[in-house]
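S.K.: only geometry, no sequence info:
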Ligand code: SAM
């Protein structure tokens, strides 16, 4: 999988050199190119923002540097398979595990990280004439820039790429996974069996796989019903049988 990021803060993405994503990069399972949007400006101050038409607070990212950066990305892409452009924005469709599943099979993803009040809307409009564009939200809150959102999305997507996780079975019984019917995960425990007066549920020490599976399923259903009842009828989740 080929990943590219366009940002005015390329250093943000240094953390991707750590841990499992860093290993996937070192092993060549994925590649990552981070482009500094300011390299596509032509003024002394390397300006990427301007005042909003219509007035109002804050600044808006200018379309010209974005256009030039995306021209470069497209010129270096496989012409028969243009990349998919991911534009993180609080007004996008929710980024869910189901979306991560779908994106994990894409060969080439480009993340466009907004700042200020966002990117001039014509950039997404123009980009959609050249490549698939997905405007995705990390959640129902606003952060300062698309970098944090892109990092979270990259981590969620890349860990699904075959070979990235040491034990792919870890993906099977996870929160939100289709294989878990979209439910939240059950509580997990490790040694010692008693800690500060609290015992691990005895069924987990029983060695009885059927009973363990039934207990975990019941816990998942109860936690989901209590904390996230919306998941039980979410369109991306198969929900409870
Ligand atoms: N004015 C925008 C609004 O109210 O929708 C918020 C702009 S925010 C301060 C700047 C940038 O951060 C956005 O362009 C986007 O790239 C990113 N961002 C902020 N919150 C986000 C979220 N929940 N999901 C994805 N990206 C987000």
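M.R.: On my side now, so go ahead. Since we're looking at a predicted model, the values are computed, not measured.
S.K.: next one: stretch 107-118 to chain centre, how far?
M.R.: Mean-position distance between stretch 107-118 and its chain equals 12 Å (Cα atoms, centre = their mean, to the nearest Å).
S.K.: that one: which residues count as buried?
M.R.: 108-116, 118 (16 or more other Cβ atoms under 10 Å). Using the backbone N, CA and C atoms, a C-beta is placed for each residue, glycine as well.
S.K.: repeat that for stretch 38-45.
M.R.: 38, 40-41.
S.K.: thinking again about what came up before, near the ligand, from the buried residues of stretch 107-118?
M.R.: Residues of the buried residues of stretch 107-118 in contact with the ligand (Cβ under 6 Å from any ligand atom): 113-115, 118.
S.K.: and the longest strand anywhere in the chain, what other elements does it pack with?
M.R.: What stands out as the longest strand in the chain, according to DSSP state E, is strand 84-94. Counting contacts by 3 or more Cβ pairs under 8 Å, 6 or more residues apart in numbering; DSSP states H and E, strand 84-94 packs against helix 97-103, strand 108-112, helix 121-127, strand 133-137, helix 146-158.
S.K.: in terms of pLDDT, where does whichever residue of the chain sits closest to the ligand sit?
M.R.: Nearest residue of the chain to the ligand, counting by Cβ to the nearest ligand atom: residue 114, 2.4 Å away. Residue 114 carries a pLDDT value of 98.
S.K.: ok, it touching residue 61?
M.R.: Yes - using Cβ atoms under 8 Å, residue 114 is in contact with residue 61, at 6.0 Å.
S.K.: now do the contacts for residue 89.
M.R.: The contact partners of residue 89, by Cβ atoms under 8 Å, 6 or more residues apart in numbering, come to 114, 118, 135-137, 146.
S.K.: contact residues of this structure facing the ligand?
M.R.: So far as Cβ under 6 Å from any ligand atom goes, the chain lies against the ligand at 88-91, 113-115, 117-118, 137-139, 141-146, 149.
S.K.: mind doing that once more with 5 Å?
M.R.: Within the chain, the positions near the ligand by Cβ under 5 Å from any ligand atom are 88-91, 114, 117-118, 137-138, 142-143, 145-146, 149.
S.K.: now the most centrally placed residue in the chain. Nearest residue, chain neighbours left out?
M.R.: Against the mean C-alpha coordinate of the chain, by Cα atoms, centre = their mean, the closest residue is residue 153 at 1.2 Å. Once flanking residues are discounted, residue 153 sits nearest to residue 95: 5.7 Å by Cβ to Cβ, 6 or more residues apart in numbering.
S.K.: so how far is residue 144 from that neighbour?
M.R.: In this view, residue 95 and residue 144 are 18 Å apart by Cβ to Cβ, to the nearest Å.
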